[in-house]
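[1] have a look; sequence and predicted model below, questions after that.
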Amino acid sequence: MPRLRHVLPAAAALIFAACAPDTTRDVPRHTVADFYRNNEFYGASFSPDRRRLLVTSNLSGVFNAYVIPVAGGDPEPLTRSTTDAVFAVSFFRNDDRILYSSDQGGNELAHIYVRAPDGSVRDLTPGERHTASFVGWSGDDRSFWLTTNERDQRFFDYYEYRTDGYARTMVYRNTPGFGPGPVARHGWHIALTRSNTTSDQDIFLYDRRTGSTTHLTPHEGAIAFTPQDFTPDGTALLFTSDEGREFAALWRYDIASGAKTALLSPAWDVVGAGYSRSGRYLTVWINEEARIVSRVYDAATMAEVPMSGLPTGLVRGLTFSRDDSVVAFYNTDGSTPDDLWAGRVGQPPVRLTNALSAAIRREDLVAPTHVRFRSYDSLQVPGLLYQPHQASRRHPAPAVVRVHGGPGGQAQVGYSALVQAMVNAGYVVFDINNRGSSGYGKTFYRMDDRRHGEADLGDVVASKRMLAATGYVDSTRIGILGGSYGGFMVLAALTLQPRAFSVGVDFFGVSNWLRTLTSIPPYWESFRRAFYDELGDPATDSARLRRISPLFNADSIRVPLLVEQGANDPRVLQVESDEIVAAARRNGVPVEYIVFPDEGHGFVKKANEIRGYAAAIAFLDQHLRGAAR
């Protein structure tokens, strides 16, 4: 087995968990609705006068755009949608107009809108059956770039929009089918990608002046090259690459000479990098032990810039004002919702939000512990372990293994209302990063290729031994829960390993890979080849895909199952859940099914999250809490 960096010996992980103090503490039992009296905030764009921050929040119960004074004060709503979620993008550079994104009922066909200071709104990408994304601002602030697939649903073309009047020009017609990347501030160069597999990607550079496209990353073998940002003067492109190493490093490509220079090679993946507007600072995001952390560097010297007065916990989402005088970021320890902070550079920042409900005490919530365990083949598998205050060796608790989406996602340190609600209700939660998860090196990431529902499921089942070894988990009461690919893993566990878990909770999970892989949205076309390479091509690998598809093994389901599904989901169609529910019910086991008519692939409305997650915990209380096997 490959040796991964920063590996805590498996025995040590188990000892650490099992030697926790054998004491319990009662905490008030909160409802899921209580946890949704908390609020979510994310994103931060400074107003031109640096006095306000544009953010997205669900304060109203539906995500909308708000502004928050940098000096402190109540959030002010700029949009008031009561139906479709609104996601703030950016202030305009020289006035109080904003850009935001919104789709229709979760169908993922997002349009980009501009809101004027008088409250009037204009759809910049009108039409049906296409989706649009914001790319960036020009260096002179007179234009910005969007991508849309309106010409061809399979591919995204680039358009430049003038800030004065919104006249637009197509600047790149994407007939080759590249994936989108950043645009240089001067607008001459566009970075494009081609996904060969999910772990092998190339970068191409388009020159608008000549109309030529240059392949920047010819290579052999599986190497992931990903563009990040152009230098402010547009003479170089920053990109990440895992060439010759397990983890992605940060590189610089000089456009004139073609020279490549390594800038930063940490012992974990660099997952992003971007320059401040002035170009003085370079912020780099690094995935350290399932924690996305922000580090700031002097762009000229690559010397790390110390940030004074930061709060304890995880600092992320860091952004600078236009003149680099003010900085904003989010902070959490993984037990509380992210709070927004801001302050002048060099001075202690101030917390601007209090996302946690006053009805919930911070000390009653639980931050995760990063642990590893030896799986069925001795591979060390990581994850985040949450121990309720009520659980001890004297009072062992039921447990839930939570499987992230993807494939290729990662359970990370960060607030989850569902996790905290389950832990508050007395459930141990293990947020597993089974093989195939990102963040632990490319070897680990590839270990489940063409082995989905088998190799990775083995890790999920093996985690039960680790949970039992803690001493505070009742090994006869362990359930499994997950969404999207994690939902598939729930169904796979109940059909391919039917004796492993006592109960399953599936949120919009795949039940029939043959259908899902032939019905993926057309705008995923540039990624289709890579997706098929990892999961299997339904035209040539149908036997294996049928073997692992829960629908065709549904007669093995022998434990209670809850399924929740969005009616507008374009990725996992509702029929996937309809059919697995019907098949499971024929086995005579308890099956509950909830369809949300105004949601897509995941919840974006508080009311639906409360209903869906309250149903999940009630289901666990009924079928797992007292259901020893």
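    Sure thing, it's come through. Numbers count the residues shown, from 1 in each chain.

[2] hang on, Arg129 packs against Asp152?
    No. Using CB atoms under 8 Å, Arg129 is not in contact with Asp152, being 11.3 Å away. Any C-beta I mention is one placed from the backbone N, CA and C, and that applies to glycine too.

[3] show me what counts as buried in whatever helix or strand Val293 lives in.
    Assigned by DSSP states H and E, Val293 falls within strand 291-298. Buried residues in strand 291-298, counted by 16 or more other CB atoms under 10 Å: Arg291, Ile292, Val293, Ser294, Arg295, Val296, Tyr297.

[4] which strands or helices does that strand pack on?
    Applying 3 or more CB pairs under 8 Å, 6 or more residues apart in numbering; DSSP states H and E, we find strand 291-298 packed against strand 281-288, strand 314-320.

[5] turn the ones you listed into a markdown table, columns for distance to Leu109 and mean neighbour count.
    Formatted as a markdown table, those follow (distance: least, CB to CB, whole Å; neighbours: other CB atoms under 10 Å):
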| stretch | distance to Leu109 | mean neighbour count |
| --- | --- | --- |
| strand 281-288 | 28 | 21 |
| strand 314-320 | 26 | 21 |
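
[6] which of those strands has the lowest mean pLDDT?
    Of all the helices and strands packed on strand 291-298, mean pLDDT reaches its minimum on strand 314-320 (a mean of 91).

[7] that one pairs with which strands, and in what direction?
    If you go by DSSP bridges, strand 314-320 pairs up with strand 326-332 (antiparallel).

[8] outside of the next helix or strand after the partner strand, which residues touch it?
    Later in the chain than strand 326-332, the nearest helix or strand by DSSP H and E is strand 339-344. Under the contact criterion CB atoms under 8 Å, 6 or more residues apart in numbering, strand 339-344 has outside partners 41, 44, 53, 55, 68, 70, 309, 311, 325-332, 349-356.

[9] got the CA positions of stretch 47-63 in CSV?
    What follows is stretch 47-63, C-alpha atoms only, in CSV (Å, rounded to 0.1, in the frame of the first residue of the first chain):
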residue,chain,number,x,y,z
SER,A,47,-18.1,47.8,-2.1
PRO,A,48,-16.1,50.4,-4.0
ASP,A,49,-15.8,52.6,-0.8
ARG,A,50,-14.7,49.6,1.2
ARG,A,51,-17.4,50.2,3.8
ARG,A,52,-19.7,47.3,3.0
LEU,A,53,-19.4,43.6,2.1
LEU,A,54,-21.7,41.8,-0.3
VAL,A,55,-22.5,38.3,1.0
THR,A,56,-25.0,35.5,0.5
SER,A,57,-27.1,34.4,3.4
ASN,A,58,-30.3,32.5,4.1
LEU,A,59,-31.5,34.8,6.9
SER,A,60,-34.9,34.9,5.3
GLY,A,61,-35.1,31.2,4.8
VAL,A,62,-34.1,31.4,1.2
PHE,A,63,-30.6,32.4,0.0
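
[10] average model confidence for the longest strand along the chain?
    The single longest strand within the chain, with elements called by DSSP state E, is strand 473-483. Taken as a whole, strand 473-483 has a mean pLDDT of 97.

[11] would you mark the buried spots in that strand?
    Applying 16+ other CB under 10 Å to strand 473-483 flags Val473, Asp474, Ser475, Arg477, Ile478, Gly479, Ile480, Leu481, Gly482, Gly483 as buried.

[12] can you count the residues close to the residue nearest to the last one when sequence neighbours are not counted?
    Spatially, and ignoring its direct neighbours in sequence, Gly483 is nearest to Phe507 (3.5 Å; CB to CB, 6 or more residues apart in numbering). Residues within reach of Phe507, counting by other CB atoms under 10 Å, total 27.

[13] who's Phe507 bridged to?
    On the basis of DSSP bridges, Phe507 is bridged to Gly483, Glu564.

[14] residue contacts, it?
    Taking CB under 8 Å, 6+ apart, one finds Leu481, Gly482, Gly483, Ser484, Gly486, Gly487, Val563, Glu564, Gln565, Gly602, Gly612 in contact with Phe507.

[15] what does the pLDDT read for it?
    For Phe507, the pLDDT comes out at 97.

[16] that one and Ser526, how far apart?
    Phe507 sits 27 Å away from Ser526, going by CB to CB, to the nearest Å.

[17] beyond the helix or strand bottoming out on mean pLDDT in the chain, next helix or strand please.
    Sorting the helices and strands of the chain by mean pLDDT, DSSP states H and E puts helix 10-18 at the bottom, at a mean of 40. Counting by DSSP H and E, the next helix or strand C-terminal to helix 10-18 is helix 32-35.

[18] ok, Glu289 touching Pro368?
    No. With contact defined as CB under 8 Å, Glu289 and Pro368 do not form a contacting pair (10.9 Å).

[19] which residue ranges of the stretch 51-200 of the chain form helices?
    With helices called from DSSP state H, counting those that start in this stretch, the stretch 51-200 of the chain shows none.

[20] what is the burial count for Ala614?
    16.

[21] to clarify, my last question referred to Gly244.
    By the measure other CB under 10 Å, the count of residues near Gly244 is 8.

[22] residue contacts, it?
    Counting by CB under 8 Å, 6+ apart, Gly244 touches no other residue.

[23] for Gly626, see how far away the residue nearest to Gly483 is.
    According to CB to CB, Phe507 and Gly626 sit 24 Å apart.

[24] do Arg29 as well
    As judged by CB to CB, Arg29 and Gly626 stand 16 Å apart.

[25] thinking again about what came up before, pick out whichever of Glu289 and Pro368 has more residues nearby.
    Pro368 (25 against 15).

[26] hang on, Thr226 packs against Phe239?
    Yes. At 6.1 Å, Thr226 counts as touching Phe239 under the criterion of CB under 8 Å.

[27] higher neighbour count, the two?
    Neighbour totals were compared for Thr226 and Phe239, and Phe239 leads with 27 against 22 (other CB under 10 Å).

[28] hang on, the earlier thing: alpha carbons of the strand holding Val293, as CSV, please.
    Extracted C-alpha coordinates of strand 291-298, given in CSV (Å, rounded to 0.1, in the frame of the first residue of the first chain):
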residue,chain,number,x,y,z
ARG,A,291,-9.1,21.7,6.4
ILE,A,292,-9.1,24.3,3.6
VAL,A,293,-6.8,27.0,5.0
SER,A,294,-5.9,30.4,3.5
ARG,A,295,-2.3,31.6,3.5
VAL,A,296,-1.2,35.0,2.3
TYR,A,297,2.1,35.6,0.5
ASP,A,298,3.9,38.7,-0.8
